[in-house]
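1. using only what follows, build the 3D model:
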Amino acid sequence: MSQTTTFGVDGMTCGHCVQHVTTELEAIPGVTGVEIDLAVGGSSRVTVTSDAPLSDEAVAAAVDEAGYAVTPRRSLL
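-> As a prediction, the model looks like this:
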């Protein structure tokens, strides 16, 4: 059964940024899809679909590897 996780990412400004984050997130084992709603100058909404629950650490590390930061929230840090 698929799991969906939605979170915010700060700092993305263009399609190139979106591609970097998408590539890093798709490299996480179990990820089957990534959708990003780009919000220039704000926090972009990122939705990740996976075969199993994703750890917050894995998501944050992938976004960091792409050069961006997960928007702080209680359940994802």
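2. please list the outside residues in contact with the longest helix along the chain.
-> For the chain, the longest helix by residue count, based on DSSP state H, is helix 15-26. Applying Cβ atoms under 8 Å, 6 or more residues apart in numbering, the contact partners of helix 15-26 are 9, 11-12, 31, 34, 36, 38, 44, 46, 48, 59, 62-63, 65-68. From N, CA and C alone the C-beta is placed, and that goes for glycine too.
3. run the chain-centre distance for it.
-> 8 Å (Cα atoms, centre = their mean, to the nearest Å).
4. where does this protein dip in pLDDT?
-> Scanning the chain for pLDDT under 70 picks out the ranges 73-77.
5. can you pull the contacts of residue 64?
-> Each residue near residue 64 by Cβ under 8 Å, 6+ apart is listed here: residue 70.
6. what about it, which SS state?
-> helix (DSSP: H, G, I helix; E, B strand; the rest coil).
7. surely residue 51 meets residue 30?
-> Yes: with contact defined as Cβ atoms under 8 Å, residue 51 reaches residue 30; the gap is 4.5 Å.
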